[in-house]
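1. Fold the following.
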Amino acid sequence: MHKMKKILLSISIAIFTIAFVNTAQAVEWKGWNIHVPGYPNTVGMDKFAEILKERTNGRITLKMFHSGVLGSQPDAIEQVRVGGLQIGNFNMGPMGPIIPEANVLSLPFIFKDTPHMFRVMNGAAGEQINAGMAKKGLIGLAWYDSGARSFYTTKKPVTEPKDVQGMKIRVMNNDLYVGMIAALGGNGTPMAFSEVFTSLKQGVVDGAENNWPSYESTRHFENAKYYSTTQHLMIPECVCINADVYSKLSDEDKKIVKEAALESAELQQELWAKRSKASRDKVTAAGVQVTEIKDKAPFMKAMEPVHAAFLEKNPSLKSLVELIKNTD
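-> I've put the predicted structure just below:
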């Protein structure tokens with residue numbers, strides 16, 4: 001009887017020890033995303049979290065906070081860099097001010113089209129950009145589609161560069177975008193994304209620029225009924241992780257995290273294509289006047305001084321720009 005008690009005690013201790021070790025090793029990451037429920041990025045990030053939990057048997061869980069509830073994008077980028085947050089889904093535009101290599105992606109018309117963008121990001125140029133991000137505490141795990149950004153305005157459509165003259169256009173927080181609008185004769189106004197709807201309604205700005213799903217999901221189309229397909233920017237979004245957190249993972253867990261992010265990107269890109277068409281159809285049905293800009297040459301020519309000024313200020317990035325342009 002005494003021997004049996006000892007055996008049972010040993011088993012109990014072993015079970016407790018295993019449970020304690022598993023609990024001690026389990027971590028919960030916090031993730032940031034600016035987009036609303038149902039948005040392709042939101043669905044993609046939730047899928048990332050689901051795969052992560054499943055393939056690590058719950059050792060790593062990711063709690064996603066959507067709709068920008070944990071702060072603005074620039075603040076969230078900083079939080080992931082320093083480890084206050086572990087994961088983020090970020091547009092590469094606001095990364096430009098702190099990561100020079102990433103700023104190249106914000107040059108107007110740097111990409112020929114969306115397939116070209118993904119070939120670049122998954123190739124040698126993407127590796128250089130990721131290396132620049134790593135120096136600043138971020139590791140890019142996968143690239144999400146964010147479509148092409150075009151102008152939408154409140155008073156009149158943009159049909160040619162001179163139409164932007166005198167307009168106040170909301171842009172993301174990056175001097176390149178301010179310069180882009182200035183080159184068209186307008187006034188680029190950096191502003192938090194959450195403030196755009198009211199600013200359009202109250203006339204604080206005359207327009208903004210974004211893709212179809214963002215224009216539709218935020219209901220900006222209610223206040224800015226002219227959409228012009230300039231497609232001046234095609235900026236990818238990243239699924240990013242804090243560099244220190246990633247470096248401390250085992251090789252096995254790094255592989256799981258990377259694969260989970262890539263699978264979520266496949267889903268996001270598939271949903272993005274469907275959502276872009278649905279969003280365009282929805283705003284058109286609501287009375288939005290869509291102006292198709294078939295000849296983008298005048299807009300591209302207007303951006304030449306923006307490219308020249310950027311390269312003059314960042315001569316070390318000239319080879320990266322050329323690599324992107326020469327990627328087949």
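2. Nearest residue to Thr159 in space, please, no chain neighbours.
-> Once flanking residues are discounted, Thr159 sits nearest to Thr291: 5.7 Å by C-beta to C-beta, 6 or more residues apart in numbering. Bear in mind the C-beta positions are built from the backbone N, C-alpha and C, glycine included.
3. what's Pro94 sitting at in phi/psi?
-> phi -70, psi -10 (degrees, to the nearest 10).
4. Which residues are in contact with it?
-> 73-74, 77, 172-174 (C-beta atoms under 8 Å, 6 or more residues apart in numbering).
5. and Ser316, how far is that from Gly93?
-> 20 Å (C-beta to C-beta, to the nearest Å).
6. Now go through the contacts of Pro94 and say which are in helices.
-> 73-74, 77 (DSSP state H).
7. So which of those is the closest to Thr56?
-> Of all those, Ile77 has the smallest distance to Thr56: 25.5 Å, by C-beta to C-beta.
8. And the pLDDT at the closest one?
-> We note a pLDDT of 97 for Ile77 in this prediction.
9. okay, now it: neighbour count?
-> Counted with other C-beta atoms under 10 Å, residues neighbouring Ile77 total 25.
10. so how far is Thr327 from it?
-> 26 Å.
11. Helix, strand, or coil at Asp295?
-> State at Asp295, reduced to three classes by DSSP: H, G, I helix; E, B strand; the rest coil: coil.
12. Would you mind stating the distance between it and Thr159?
-> According to C-beta to C-beta, Asp295 stands 10 Å off from Thr159.
13. for Asn326, same thing?
-> Distance of Asn326 to Thr159, computed by C-beta to C-beta: 32 Å.
14. residue ranges of the helices in the chain, please?
-> 2-25, 40-55, 73-82, 100-103, 114-121, 124-135, 175-183, 196-202, 212-217, 243-247, 251-285, 297-302, 304-313, 318-325.
15. Figure out which of the ones you listed is closest to Thr154.
-> The nearest among those, by C-beta to C-beta, is helix 196-202 at 5.9 Å.
16. Does Ala309 touch Gly179 like I think?
-> Yes. Between Ala309 and Gly179 there is a contact under C-beta atoms under 8 Å: 6.7 Å.
17. Show me which of those two is the more surrounded one.
-> A direct count of neighbours by other C-beta under 10 Å for Ala309 and Gly179 places Gly179 higher, at 18 against 13.
18. Next up, the contacts around Lys325.
-> With C-beta under 8 Å, 6+ apart, Lys325 has these contacts: Ile110.
19. Relative to Gly126, how far out is it?
-> According to C-beta to C-beta, Lys325 and Gly126 sit 14 Å apart.
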